[in-house]
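Engineer: here is the input, now give the coordinates:
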Amino acid sequence: MDDKSAGSFQELRWFKIINGIPGLFAISVTLIFIVTVAVIFIIRILRPDDHYEYRKQVREYFTDLLADKNRSRHTRITKTIVFIFLAAGLLGLTIYNVDKMINDDPLISSNLEDNTLSPSFLFCSLSNNELFSSTALYSTTPADLSKEPINLTDSLNEINGENGKCLLFDGRNSLKPKDAIGGIYDFEFSQLTSQNMSSGLLVFVGDTNNEMNWTTTIPEGNKFSNVAVEIITGNGLIQYTETRYKTLNGGRTFRSFQCSLIQPVDYFSDTGALIRVGIIAPKNVLILTEEPSLTLADLYSNIGGYLTICGIYGFLFGSGKVNPFGFVSLFMFKEQEKAKLEKDVTTSNNISNQAEFEVEFNQFKKEFKQFKEFKDNMESYYVDMEFLKKQ
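Structural biologist: I've put the predicted structure just below:
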């Protein structure tokens, strides 16, 4: 079965794993953001006028994260061990999930769809006798075969193979209406037979594609394309079932068939020397579709769940100092943020006259010692004051 969409980049395995267009857009935006932040950060670190300060700040940030000087040695050691275990777990989880995304066997989903496609039929004589076609008809119901059938005779072509000269009905060139569901195919054949030679037929039901070889004794395609076979020694009525398998990488759909001979056959009238074969098509087919075992959304979900578990780190060792200034303020636009903060502080503490200044100054001297103790405690345990320090 040749799909128009098969082989397009939207049907490739990697494209489905990243959740298609939305996933590709999310990855692109994320990479642009990460690269932009990384470039600005590196430029700041390497800038001659303040590279030492930035390096010191980065070093102190990670030092405080793992070895807070305000904690006991036992707590620092335990904190470091737990952090290493959690980081190793995150790394292991990421590697496991990425490997599963790339190498794991696909999952299989199934659903039923209307059967609007014709299969291909190969008719061969049991005794390698020359086979001739009389008529080939199609109808959606058996009753319509005698009223307004669709003539498919022109779709039959001769093919030479190991079973002799056979007749192939190619489903790709079928004149059956595209929207017709199920139905019945009616074929009549004659053959030149010698005395004591069998007049039976071999009937094969399969799908014509680039990998199908109809010339072998038992025609076969690839591992997904099973060809059904039935032997008919006289008039016969065959019913087939079909399963379609859609691959993950490339989105190609392969058709597999099974068939059975319905006995006794009272459907046909006496055809004399002709052999009449009826083939009943199912109204529905089973579609098996390969799906990624893990997608990008699943990866984010698994990592997010693990990071939620890592909240135990804060439960064990506390949440650390309050830092209202994030990565962007500390490492990317530090000068701009400080200028804005100093402007706001100067404006809010503007003293209009000398008398007010004297009162404020005397009050400040009285409270200076108490304020210094309060400030030291806040810096040590509660608030990260690094951003507010003068250069």
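Engineer: could you list the low-pLDDT ranges of the stretch 51-200 of the chain?
Structural biologist: 51-58, 60-70, 145-146, 192-199 (pLDDT under 70).
Engineer: the strands in it, which residues?
Structural biologist: Assigned by DSSP state E, counting those that start in this stretch, the stretch 51-200 of the chain shows strands spanning 107-114, 120-125, 131-139, 150-151, 156-161, 164-169, 183-191.
Engineer: and those: which comes nearest residue 25?
Structural biologist: Residue 25 sits nearest to strand 107-114 of all those, at 24.4 Å, using Cβ to Cβ. All C-beta spots, glycine's among them, are computed from the backbone N, C-alpha and C.
Engineer: residues contacting the closest one, please?
Structural biologist: Applying Cβ atoms under 8 Å, 6 or more residues apart in numbering, the contact partners of strand 107-114 are 181, 244, 283-293.
Engineer: and what of stretch 216-236?
Structural biologist: Contacts of stretch 216-236 (Cβ under 8 Å, 6+ apart): 122, 126, 161-163, 198-207, 209, 211-213, 238, 240, 245, 247, 254-262, 265, 268, 271, 275-278.
Engineer: narrow the residues you listed to those that are buried.
Structural biologist: 122, 126, 161, 163, 199-207, 209, 212, 238, 240, 245, 247, 254-257, 259, 268, 275-278 (16 or more other Cβ atoms under 10 Å).
Engineer: that older thread, and the contacts of strand 107-114 as TSV, adding secondary structure?
Structural biologist: Listed next are the contacts of strand 107-114 as TSV, based on DSSP: H, G, I helix; E, B strand; the rest coil:
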residue	secondary structure
181	coil
244	strand
283	coil
284	strand
285	strand
286	strand
287	strand
288	strand
289	strand
290	strand
291	strand
292	coil
293	coil
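Engineer: need the helices for the stretch 1-150 of the chain, in chain order.
Structural biologist: 13-17, 20-46, 51-66, 73-103 (DSSP state H, counting those that start in this stretch).
Engineer: just name the most buried of those.
Structural biologist: helix 13-17 (a mean of 17; mean count of other Cβ atoms under 10 Å).
Engineer: contacts for it?
Structural biologist: With Cβ under 8 Å, 6+ apart, helix 13-17 has contacts from 9, 24, 101, 102, 248, 249, 250, 291, 292, 294, 295, 296.
Engineer: so for the second one, what's the nearest residue that isn't a sequence neighbour?
Structural biologist: It refers to residue 24. residue 18 (5.9 Å; Cβ to Cβ, 6 or more residues apart in numbering).
Engineer: the third one too?
Structural biologist: Across the structure, with Cβ to Cβ, 6+ apart as the measure, the residue nearest residue 101 apart from its sequence neighbours is residue 294 (4.6 Å).
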